[in-house]
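1. Okay, here's the prediction I keep looking at, along with the sequence it came from:
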Amino acid sequence: MEGRRQEDSGALISERTGSLGRVELSIVILATFFTVLLFPFTIWFCFKIVQEYERAVIFRLGRIVDKKPKGPGIFFVIPWTDSLVKVDLRTVSFDIPPQEILTKDSVTVCVDGVVYFRVSDPIASVANVSNADFSTRLLAQTTLRNVLGTKSLAEVLSDREGIAHSMQSNLDEATDNWGIKVERVEIKDAKLPHQLQRAMAAEAEAAREARAKVIAAEGEMNASRALKEASLVIAESPSALQLRYLQTLNTIAAEKNSTIIFPLPMDVMAHFMRK
């Protein structure tokens, strides 16, 4: 992708550069002659150094030399005819200022983000755009507004990764001719109006209360089923009820209180009830 991009930008540059005319060639030869003649003094102007992360685009009488950048390291230029522009190839990050955006479902949201980009073609970044860094920043703001304008509020809050990928592809396609490669886009924060925040909080609270009531009702139903099954088991064995009385007495006695419960068999009580 980057190789094709450089070929396209090279084709655009080649249409402008071309070969030097006779007058221009004469000026270059004359400048070279004076450079050699005054070599001890012009040596400080002939050699330039660029860092490992930089490239130099050299213009000779307004035309780009060799159609490719120079560097890194030391190289030779001709004083009076050559001028150079240094281009930084390191990744640059910047914050997208908060944007007031109207979503697809007519909700106003304030969204900001961050963009990471780098220069992939130094010649295109110098020759095809006036200020690649500033232009990329402005384009990122408009792209953020355009992309979020097609999303609903639920999508803005839940699908941040998809929005970031969509913005990255749109920015990378738009900055292709500028020699800029957009590496990553992230949505930092989405701020909602206070009234909408209160409404969403009330809705969430009501939903939680409804789920709590449903869970409590399910617990009561399960407890009643368990009690019914226990009563059926006790009904099948009369001695089970007496064992349950003894277990209850043991539990009460373990708590160090003065209450004493003496269980009576149900058969004895039934005998008195018949009389």
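-> Nice, thanks for sending it over.

2. Which helix runs longest in the chain?
-> helix 194-236 (DSSP state H).

3. so where do the helices sit in this structure?
-> 2-17, 22-37, 39-46, 122-127, 132-148, 153-158, 160-174, 194-236, 238-253, 266-274.

4. Look up which residues are beta-bridged to the residue lying closest to Arg137 once chain neighbours are set aside.
-> Spatial nearest neighbour of Arg137, excluding adjacent residues (Cβ to Cβ, 6 or more residues apart in numbering): Phe94 at 5.8 Å. (Glycine included, C-beta is placed from N, CA and C.) Phe94 has these beta-bridge partners by DSSP bridges: Val115.

5. so who does Phe94 touch?
-> Val114, Val115, Arg137, Ala140 (Cβ atoms under 8 Å, 6 or more residues apart in numbering).

6. and the two most separated of the residues you listed?
-> Within these, Val114 and Arg137 form the most distant pair, 11.4 Å apart (Cβ to Cβ).

7. joint contacts of the two?
-> By Cβ under 8 Å, 6+ apart, Val114 and Arg137 have these common neighbours: Phe94, Ile96.

8. So what sits opposite Glu54 in the bridge?
-> Per DSSP bridges, the residues bridged to Glu54 are Asp88.

9. quick one on the thing from earlier: helices or strands up against the longest helix of the chain?
-> Counting contacts by 3 or more Cβ pairs under 8 Å, 6 or more residues apart in numbering; DSSP states H and E, helix 194-236 is packed against helix 238-253.

10. tell me which residues in the helix it packs on are buried?
-> Gln242, Tyr245 (16 or more other Cβ atoms under 10 Å).

11. With stretch 95-113 instead?
-> Residues of stretch 95-113 classed as buried: Ile96, Pro98, Gln99, Ile101, Thr103, Val109, Val111, Asp112, Gly113 (neighbour count, 16+ other Cβ under 10 Å).

12. ok, now stretch 60-80?
-> In stretch 60-80, counting by 16+ other Cβ under 10 Å, buried: Arg60, Leu61, Arg63, Ile64, Val65, Pro69, Lys70, Gly71, Val77, Ile78, Trp80.

13. That stretch: how far from the chain's middle?
-> Computed by Cα atoms, centre = their mean, to the nearest Å, the chain-centroid distance of stretch 60-80 equals 39 Å.

14. Endpoints of that stretch, how far apart?
-> In terms of Cα to Cα, to the nearest Å, the two terminal residues of stretch 60-80 are separated by 9 Å.

15. what's in contact with it?
-> With Cβ under 8 Å, 6+ apart as the test, stretch 60-80 has contacts from 10, 13-14, 16-18, 20, 24, 27-28, 31-32, 34-35, 42, 45-59, 81-82, 84, 87, 122-123, 127.

16. Now list the buried members of these.
-> Neighbour counting by 16+ other Cβ under 10 Å classes 10, 13, 17, 27-28, 31, 35, 42, 48, 50, 54-59, 81-82, 84, 87, 122-123, 127 among the contacts of stretch 60-80 as buried.

17. these two touch, right, Lys48 and Ala56?
-> Yes. Using Cβ atoms under 8 Å, Lys48 is in contact with Ala56, at 6.6 Å.

18. what do these two both touch?
-> Counting by Cβ under 8 Å, 6+ apart, the shared contacts of Lys48 and Ala56 are Lys70, Phe75, Leu84.

19. so how far is Arg225 from Arg211?
-> Taking Cβ to Cβ, to the nearest Å as the measure, Arg211 falls 21 Å from Arg225.

20. which ones are touching Thr150?
-> Lys104.

21. Thr143 and Thr175 touch, don't they?
-> No. Applying Cβ under 8 Å as the test, Thr143 and Thr175 come out as separate, 10.1 Å apart.

22. Thank you, goodbye.
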